[in-house]
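Asker: Structural data only, the sequence is not supplied:
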């Protein structure tokens, strides 16, 4: 794998841009501290306050624990206790002490006793980052998360993750999802670094080969999100509920960008591990990026990337979500580092200009999580400001190498710029 000397001045080499990213990260972290609750971390409102009756959620708790662990690894004071709080609550009220695994909310207060692969991938990611941060209880949490993934979610036959189960694992959902497998890929990259077991990279490659190199490639590199248990696409899935926050109808450009970046991380990790690394990881990453820019950016006449498209690539849900633009800029930076091509510099700057103009909230803090089609703050899909994870990673990824994974790279101090 090669990196290239660009024939242009890159923002990735600009000290002022690097400082801007670092400063924005500190601003995001300071805002997110208020999300702490006795049983984990919860959703903040638009002003950075916990609303009355706020409850902790496993997704938020795992993402915050991962994010705060990366802050602590960098040597930022004030985050060790927050990481420890995340470990305690993920090991306590959020965990099912009887049957194992994790509920979506403490002691399933929300009425949901199911076990979802999506959440368990984030628990594994959080635990792996906490291990790198050398926090007490992290090793036990990681061992628990790995055991649950091995026992219930990973399907060796399919080379992918099963989606979800009921509480005692006796009933399995007859569905397979690209989203949960995408975040499993992210978690597996971190697990490979922390456990020094390249089997996790081989598993990630099998997921990518199925979801991207097979199904997305057959769909013009727009990610097919929903499948039945036999991995047959479900093109009508959620057509009556197209704006679902986790399983929307149609294709989701933001996931195309996220997968594009993950393919490059996987390629770099496989090279570092001395594993056979298929050439299509790079070409698929480039095609994902290109096709999702083509069909997602400004397709309704206004700046920004729409949330979803139908099967004819027409916008369905036109809201602009913050996480989509975080992943777009992160993917552009990854492709820029990998190829040195000027087109990715252009896109990288374009995406950050959009986020700076419309998403970053300098009055109330953090980022607007959702904009309407006219790029005004909205709350149709995601209200408030619950998510540190996407924006925090968006300001870290341009400063880090493609491998190892983020927490490990921060621990090793391997900040990079373009050569």
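Answerer: That came through fine. Please read these numbers as outputs of a predicted model, since none were measured by experiment.
Asker: Strands along the protein, start to end?
Answerer: 36-37, 40-41, 115-116, 154-155, 160-161, 164-165, 176-177, 226-227, 320-321, 370-371 (DSSP state E).
Asker: of all these, which lies closest to residue 94?
Answerer: Comparing the strands of the chain against residue 94 with Cβ to Cβ, the closest turns out to be strand 40-41 (5.8 Å). Yep, even glycine has a C-beta here, placed from its N, CA and C like the rest.
Asker: And the contacts of that closest one?
Answerer: Applying Cβ atoms under 8 Å, 6 or more residues apart in numbering, the external contacts of strand 40-41 come out as 35, 56-58, 60-61, 63-65, 85-86, 89-90, 93-94, 106.
Asker: same deal with stretch 71-80?
Answerer: Contacts of stretch 71-80 (Cβ under 8 Å, 6+ apart): 26, 29, 33, 68-69, 83, 129, 132-133, 135, 407, 410-411.
Asker: Would you list the buried entries among the residues you listed?
Answerer: Neighbour counting over the contacts of stretch 71-80 (16 or more other Cβ atoms under 10 Å) leaves 29, 33, 68, 69, 83, 129, 132, 133, 135, 407, 410, 411 as the buried ones.
Asker: ok, so of those residues, who is nearest residue 266?
Answerer: Taking Cβ to Cβ as the measure, residue 407 is the one of the buried ones among the contacts of stretch 71-80 closest to residue 266, at 16.4 Å.
Asker: from what I can see the closest one touches residue 190, true?
Answerer: Yes - between residue 407 and residue 190 a contact is recorded at 6.5 Å, counting by Cβ atoms under 8 Å.
Asker: Need the residues touching each of these two.
Answerer: 128, 129.
Asker: which regions of this structure lie under the pLDDT threshold?
Answerer: 1-7, 416-419 (pLDDT under 70).
Asker: And the helices in it?
Answerer: Remark: helices assigned in the chain by DSSP state H are 15-32, 58-73, 80-91, 117-132, 138-148, 178-195, 199-208, 253-273, 280-296, 322-339, 342-354, 389-396, 406-412.
Asker: Of those, which is nearest residue 168?
Answerer: helix 138-148 (13.1 Å).
Asker: so what secondary structure elements neighbour that closest one?
Answerer: Under the contact criterion of 3 or more Cβ pairs under 8 Å, 6 or more residues apart in numbering; DSSP states H and E, helix 138-148 touches helix 80-91, helix 117-132, helix 178-195.
Asker: any idea how far the last one is from the chain center?
Answerer: Using Cα atoms, centre = their mean, to the nearest Å, we find the averaged C-alpha position of helix 178-195 to lie 10 Å away from the chain's own average C-alpha position.
Asker: Could I get the buried residue list for that helix?
Answerer: Neighbour-count burial for helix 178-195 flags 178-194 (criterion: 16+ other Cβ under 10 Å).
Asker: list the helices and strands that helix packs on?
Answerer: Other helices and strands packing on helix 178-195, by 3+ Cβ pairs under 8 Å, 6+ apart, are helix 117-132, helix 138-148, strand 160-161, helix 199-208, helix 253-273, helix 406-412.
Asker: got the buried residues for stretch 124-139?
Answerer: Those would be 124-133, 135, 137-138, for stretch 124-139 by 16+ other Cβ under 10 Å.
Asker: got JSON lines for the residues you listed, with distance to residue 388 too?
Answerer: As requested, those are exported to JSON lines (distance: Cβ to Cβ, whole Å):
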{"residue": "124", "distance to residue 388": "18"}
{"residue": "125", "distance to residue 388": "14"}
{"residue": "126", "distance to residue 388": "12"}
{"residue": "127", "distance to residue 388": "17"}
{"residue": "128", "distance to residue 388": "17"}
{"residue": "129", "distance to residue 388": "13"}
{"residue": "130", "distance to residue 388": "15"}
{"residue": "131", "distance to residue 388": "20"}
{"residue": "132", "distance to residue 388": "18"}
{"residue": "133", "distance to residue 388": "16"}
{"residue": "135", "distance to residue 388": "18"}
{"residue": "137", "distance to residue 388": "21"}
{"residue": "138", "distance to residue 388": "19"}
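Asker: Looking at these, spot the one nearest residue 227.
Answerer: residue 124 (22.1 Å).
Asker: I'd say that closest one and residue 142 touch.
Answerer: Yes - taking contacts as Cβ under 8 Å, residue 124 lies within contact range of residue 142: 7.2 Å.
Asker: what about residue 234, how many neighbours?
Answerer: For residue 234, the neighbour count with other Cβ atoms under 10 Å is 17.
Asker: need the contact list for it.
Answerer: Residues near residue 234 by Cβ under 8 Å, 6+ apart: 175, 226, 227, 228.
Asker: Quick one: residues contacting residue 278.
Answerer: Shown in contact with residue 278 (Cβ under 8 Å, 6+ apart): residue 205.
Asker: same thing with residue 25?
Answerer: 392, 395, 396.
Asker: quick one: which of the residues you listed is most hemmed in?
Answerer: Neighbour counts for the contacts of residue 25 (other Cβ under 10 Å) peak at residue 392, which has 24 neighbours.
Asker: Dump the helices and strands packed on helix 178-195 to JSON lines, plus distance to residue 221.
Answerer: Below are these laid out as JSON lines (distance: least, Cβ to Cβ, whole Å):
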{"stretch": "helix 117-132", "distance to residue 221": "23"}
{"stretch": "helix 138-148", "distance to residue 221": "32"}
{"stretch": "strand 160-161", "distance to residue 221": "19"}
{"stretch": "helix 199-208", "distance to residue 221": "13"}
{"stretch": "helix 253-273", "distance to residue 221": "7"}
{"stretch": "helix 406-412", "distance to residue 221": "25"}
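Asker: Of these, which is nearest residue 9?
Answerer: Closest to residue 9 of the helices and strands packed on helix 178-195 is helix 253-273 (Cβ to Cβ; 22.4 Å).
Asker: tell me which strands and helices the closest one is in contact with?
Answerer: Judged by 3+ Cβ pairs under 8 Å, 6+ apart, the packing partners of helix 253-273 are helix 178-195, helix 199-208, helix 280-296, helix 322-339.
Asker: which residue packs closest to residue 140, ignoring adjacent ones?
Answerer: residue 91 (7.0 Å; Cβ to Cβ, 6 or more residues apart in numbering).
Asker: quick one: that neighbour from residue 85, how far?
Answerer: When distance is defined by Cβ to Cβ, to the nearest Å, residue 91 is 11 Å away from residue 85.
Asker: Right, I'll leave it there.
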